[in-house]
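Enquirer: My questions concern the predicted model and sequence given below.
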Amino acid sequence: MKILLSLMLLCISIFALDPAKGEYAKELDNLSPEQEQVLKDSIAFGEKHNMGYLFAAISWKETNFGERSVNDTDGKYGSYGPYQILMDSALSRIDLPGATRQQKIHLIKWCLVHWHYFSATMAKKELDAWSKIHKGDLHKTLASYNVGGKSTSSPVGARYARDVMWRVKVLKAKLG
């Protein structure tokens, strides 16, 4: 009897861990046309850069595929776009000669929210910078993408990285 019960529990746990069958997978069945477009654009960008579904998983985790693309309370100047790029990070990577700081913020914010390619490019720059620091360790790179330099000691960053990687599995199982 114990063996049968153990076998049943094992089957249930395997089914529950199937990326194509869980709650996350169900979310993909109810996307708006705008969310579907962000999903498609994210996958296309990721594939061009040998990152597969990673950009789609990040945009899903960060903003539910662009549904929440403005967060004015994150960091000093907020984070924006489907990948939630911190304005501080964007400002440090972009030179706009002759523009005031406020003009730069306004222009970058608009581009991050309304121009997917720009937002994805900024996310890639951020991921590349963290990947270099972490010598290609994707888990640490994703953790740092979320919490910054304290990623190796942050349970929040570690959870973020695991969640993004699970979403990659879900996307592959559902779409791939």
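Expert: Thanks, I have the structure now. Residues are numbered from 1 along each chain as shown.
Enquirer: any idea which helix or strand comes after the lowest-mean-pLDDT helix or strand in the chain?
Expert: Every helix and strand of the chain was ranked by mean pLDDT, DSSP states H and E. The lowest is helix 2-16, at a mean of 45. As assigned by DSSP states H and E, the chain's next helix or strand after helix 2-16 is helix 23-27.
Enquirer: Low-confidence ranges, the protein, go.
Expert: 1-17, 19-20, 151 (pLDDT under 70).
Enquirer: contacting residues for the closest residue to E62 other than its chain neighbours?
Expert: Among residues not flanking E62 along the chain, Q84 sits closest, at 4.2 Å (C-beta to C-beta, 6 or more residues apart in numbering). Heads up, the C-betas are built off the backbone N, CA and C, glycines and all. Contact partners of Q84, counting by C-beta atoms under 8 Å, 6 or more residues apart in numbering, are 62-63, 69, 71, 74.
Enquirer: Phi, psi for Q84 please.
Expert: phi 50, psi 60 (degrees, to the nearest 10).
Enquirer: D74 too?
Expert: phi -90, psi 120.
Enquirer: From L142, how far off is it?
Expert: 17 Å (C-beta to C-beta, to the nearest Å).
Enquirer: rewinding a little: now the contacts of Q84: which count as buried?
Expert: 62-63, 69 (16 or more other C-beta atoms under 10 Å).
Enquirer: from the residues you listed, which ones fall inside helices?
Expert: 62-63 (DSSP state H).
Enquirer: which among the buried ones among the contacts of Q84 gets closest to S154?
Expert: Closest to S154 out of the buried ones among the contacts of Q84 is E62 (16.7 Å), distances taken as C-beta to C-beta.
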